[in-house]
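K.L.:
Pasting the sequence and the predicted coordinates here, then a few questions.
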Amino acid sequence: MRNKSIRIKKTEFFTEIVFDKIPLWRGVQSKPGNQEFYPLKIRAEKNNFITQKNSSSILNKVFKNYNKNNYSFITFPPGSGSWANESALKKISIFEDLNIKFKTKNILEIGSGTNWVAKVILEKYNPLSFTCVDPTIQNNNQKINIIKDYYPSKKLLGKKFDIILGLNVLEHVPDPLDFLMNIKNNLSNDGFAILYFPDCENQLKIGDINTFLHEHISYFTEESLNLLLLKSGLKIYSIKTENDLFSLVL
C-alpha cells in the first residue's frame, strides 16, 4: 500500500510502516514553520516488540537534541509543573505497596531528567543513598549522586541497588533487552525494578498514528512486553496498565 506520505510492507515475519515526513521534536518554537522533517520507519516483527528502524544519522539527531542543556521535553519531567509533579507522586506511591525498609536501601533512578523525584524520596523515606543517571541532569544537591550519562553507564559497573526506578524511559531505549539485562546486573538479590512506559496496544488498535514519533524508539503491547521479560530472566512482581501506561515491577 502506498500514498504520498505512507508506505506499508507486510511479509511473513514482519509488518513495516514508513512515513516519508514526520517533524522532529525540537521543543516549543518561537517562530512558525521552524521545523525539521525526517522519515520514520516502524517495524513490528513476529514474536518481538515494535521498534523504530531509522538510520543512525536520524537517531543521532534525536540524541543530539536530547543532550542539549536547554532541551524541551515532550512530556514534562517531575519538577517542571504541578501536573508532572502529581503524576510522579502517584507513580512512586507504589513504594507503599512494596513495604520497603528504606533506611538500608540504595536507590538508582534512570533517565530522571531532574532531581525532583530524588529530593522527594530522600525527604520522605530517607534511603541510604540515591543515584541519578541522565545526560541532561544538573547537580545541585550534595545528597544525590549525579551521573551525567546514558544508562547503562560504565560508572555503574559492579554496583548494586535495592530499588531501580525508571519513569518513561524504556520507550526511548534502542535495545530494551540489553537495558533490562543491565538492570538485572545492577539489582541486588532482593531488589525491585520499577518502570513506567507507554502501553501502545489501544492506540494501535484504533489506528492512532500519534503514538509514533522519532523520540520513541521502542513500542510495547502486553504480549510483546511479556516476551521481552521472558528473555530478560527478570522475575515479574506485577504488571498493570492504566490510561495507556504500563506500571511494571520486577
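P.N.:
Perfect, I can see it now. Numbering: from 1, shown residues only.

K.L.:
Point to the residue nearest the middle of this protein.
P.N.:
The chain has Val169 as the residue nearest its centroid, 1.2 Å off, counting by Cα atoms, centre = their mean.

K.L.:
in terms of contact, does it touch Ile194 like I think?
P.N.:
No. Contact criterion Cβ atoms under 8 Å: Val169 and Ile194 do not qualify, at 11.0 Å. Just so you know, the C-beta spots here come from the backbone N, C-alpha and C atoms, and that holds for glycine as well.

K.L.:
ok so, going back, leaving out the residues flanking it, which one is nearest to the residue nearest to the centre of the chain?
P.N.:
Leaving aside its sequence neighbours, Val169 sits nearest to Gly111 (Cβ to Cβ, 6 or more residues apart in numbering; 3.8 Å).

K.L.:
That neighbour reaches Leu167, doesn't it?
P.N.:
Yes. With contact defined as Cβ under 8 Å, Gly111 reaches Leu167; the gap is 7.3 Å.

K.L.:
which residues touch Pro77?
P.N.:
By Cβ atoms under 8 Å, 6 or more residues apart in numbering, the contact list for Pro77 reads Ala84, Ser112, Gly113, Thr114, Trp116.

K.L.:
Please save the CA atoms from the helix or strand bottoming out on mean pLDDT in the chain in PDB.
P.N.:
Within the chain, no helix or strand scores below helix 56-66, which has a mean of 81 by mean pLDDT, DSSP states H and E. Taking Å, rounded to 0.1, in the frame of the first residue of the first chain, the C-alpha atoms of helix 56-66 are listed here in PDB:
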ATOM      1  CA  SER A  56      21.700   6.100  12.600                       C
ATOM      2  CA  SER A  57      22.000   9.600  11.300                       C
ATOM      3  CA  ILE A  58      18.400  10.400  12.200                       C
ATOM      4  CA  LEU A  59      18.700   8.700  15.600                       C
ATOM      5  CA  ASN A  60      21.800  10.800  16.200                       C
ATOM      6  CA  LYS A  61      19.800  14.000  15.600                       C
ATOM      7  CA  VAL A  62      17.300  12.800  18.300                       C
ATOM      8  CA  PHE A  63      20.100  12.100  20.800                       C
ATOM      9  CA  LYS A  64      21.900  15.400  19.900                       C
ATOM     10  CA  ASN A  65      18.800  17.400  20.700                       C
ATOM     11  CA  TYR A  66      18.300  15.500  24.000                       C
END
